[in-house]
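Chemist: this one's structure only:
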Ligand SMILES: Nc1ncnc2c1ncn2[C@@H]1O[C@H](COP(=O)(O)OP(=O)(O)OP(=O)(O)O)[C@@H](O)[C@H]1O
């Protein structure tokens, strides 16, 4: 996690000279007259961040194992993974806060770190904006002073700063100190501080984790829109799948220091390559059994076994929204599978229902859109949506139900 010191370390020493009024699609323009030093060729380089074959260990313990990530110009890439899988370490290496042990890092086409060549550019030369989860605003500086911290004194009241404060609804708070701001305002102030030096690359580490649920969604959506309107390459770290789905153009799932799947958010959700990726998005229902006739027999009928080998042990993971419930099946005289309701709860706009199948007593969790609160002990019709079922070869030791 960053503190004020590490943010201070990452001050970019100047902004690129750029006819921003012409080429900045954000609607928030940097003044073209900002002329402080152009840093080591980065300012004129094409945008983009390239992390190549990064491996890293702490005290001999491998944390990152050959991770490669490319973030194109204007793209938002999310690293999604559980706590401890190495996300923050990768971000710190990209920023230059940690020295590279193996691999190479380029900002645009400029190599800023190369382990084999012993090359390590310090953070302030990389033209990278950083924002960590604690925001690390300077308490003795006003909102405007915080935002302008990394840019030239002469540029501190420029068009970009004024427009950015207005767009983030901070104009009236420009002279306020951080302790008088709400969490959402502090987050927006920290984001502008990271953006003010016009970085080519923005690194965000759990940027919304300090916000309460309602504010979080709002600030997250505003930030997503803001980033889409810029040509900055953004690498964002989160362990919140919803956050990743909302923000990411592309999503990289990390596990134990490796990228296990990469793709558009919908692709990752709908075509997960391994059980870990399925379960990253929340608890799932599970059935293990032997593949017979390319199918898996369950108490709710047969499931297609996909690529699992005939005769092998396989496991089916079924998302809660893939359990379809029919409260009126009895009135309609419908036949089919039934389950008894064990419990039900309203969770925001969804209802979570726990059930047991009539045959086989298979305990299942269903998520139903809207208010659906059947009486515990009552029976409902139950089917499985095959589009929400993922079948994999069973891991060693994963027992069979059937
Ligand atoms: N400076 C350090 N010295 C020793 N071990 C470290 C250091 N920094 C991180 N680690 C260890 O490296 C592992 C990965 O940490 P990292 O912060 O990169 O994970 P993460 O995926 O970002 O987790 P979280 O989501 O909890 O922030 C953890 O086991 C952590 O304890």
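Modeler: Perfect, I can see it now. Note that this is a predicted model, so its numbers are computed, not measured.

Chemist: for the rest of this, base every contact and every neighbour count on C-alpha atoms.
Modeler: Fine.

Chemist: hey, where'd the helices end up in this structure?
Modeler: According to DSSP state H, the chain carries its helices in the segments 4-9, 20-23, 87-95, 143-147, 159-167, 183-195, 213-228, 241-247, 265-270, 275-279.

Chemist: what segments of the stretch 301-402 of the chain are strands?
Modeler: 301-304, 313-318, 323-326, 338-347, 350-357, 363-369, 379-384, 389-393 (DSSP state E, counting those that start in this stretch).

Chemist: skip the chain neighbours and tell me the closest residue to the most centrally placed residue in the chain.
Modeler: Taking Cα atoms, centre = their mean, the centroid of the chain lies closest to residue 244, which sits 3.0 Å from it. Once flanking residues are discounted, residue 244 sits nearest to residue 78: 5.9 Å by Cα to Cα, 6 or more residues apart in numbering.

Chemist: does residue 69 touch residue 54 like I think?
Modeler: No. Contact between residue 69 and residue 54 fails when scored by Cα atoms under 8 Å: they sit 9.1 Å apart.

Chemist: who's more crowded, the two?
Modeler: Neighbour comparison, residue 69 and residue 54: the larger count goes to residue 54, with 24 against 19 (by other Cα atoms under 10 Å).

Chemist: ok, residue 311 - contacts?
Modeler: Applying Cα atoms under 8 Å, 6 or more residues apart in numbering, we find residue 311 in contact with 290-292.

Chemist: in the stretch 201-350 of the chain, which residue sits nearest the ligand?
Modeler: residue 239 (6.0 Å; Cα to the nearest ligand atom).

Chemist: and residue 218, how many neighbours?
Modeler: Neighbours of residue 218 (other Cα under 10 Å): 12.

Chemist: measure it to residue 188 for me?
Modeler: 11 Å (Cα to Cα, to the nearest Å).

Chemist: for residue 215, which non-adjacent residue is spatially closest?
Modeler: residue 184 (6.5 Å).

Chemist: isn't the one you found up against residue 214?
Modeler: No. With contact defined as Cα under 8 Å, residue 184 does not count as touching residue 214 (10.3 Å).

Chemist: more neighbours: those two, which one.
Modeler: More crowded of residue 184 and residue 214, by other Cα under 10 Å: residue 184, with 18 against 8.

Chemist: on that earlier part again, residue contacts, the residue nearest to residue 215?
Modeler: Here residue 184 is in contact with 211, 215-216, 219 (criterion: Cα under 8 Å, 6+ apart).

Chemist: circling back to that earlier point, format the contacts of residue 311 as TSV; extra columns: pLDDT.
Modeler: Formatted as TSV, those follow (pLDDT from 0 to 100):
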residue	pLDDT
290	92
291	93
292	92
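
Chemist: state the mean pLDDT of stretch 276-288.
Modeler: When pLDDT is averaged along stretch 276-288, the result is 94.

Chemist: which parts of it are buried?
Modeler: By neighbour count with 16 or more other Cα atoms under 10 Å, stretch 276-288 contains the buried residues 277-280, 284-288.

Chemist: any chance of JSON lines for these, columns distance to residue 133?
Modeler: Output for the buried residues of stretch 276-288, formatted as JSON lines (distance: Cα to Cα, whole Å):
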{"residue": "277", "distance to residue 133": "24"}
{"residue": "278", "distance to residue 133": "26"}
{"residue": "279", "distance to residue 133": "25"}
{"residue": "280", "distance to residue 133": "21"}
{"residue": "284", "distance to residue 133": "29"}
{"residue": "285", "distance to residue 133": "33"}
{"residue": "286", "distance to residue 133": "35"}
{"residue": "287", "distance to residue 133": "38"}
{"residue": "288", "distance to residue 133": "40"}
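
Chemist: alright, calling it a day.
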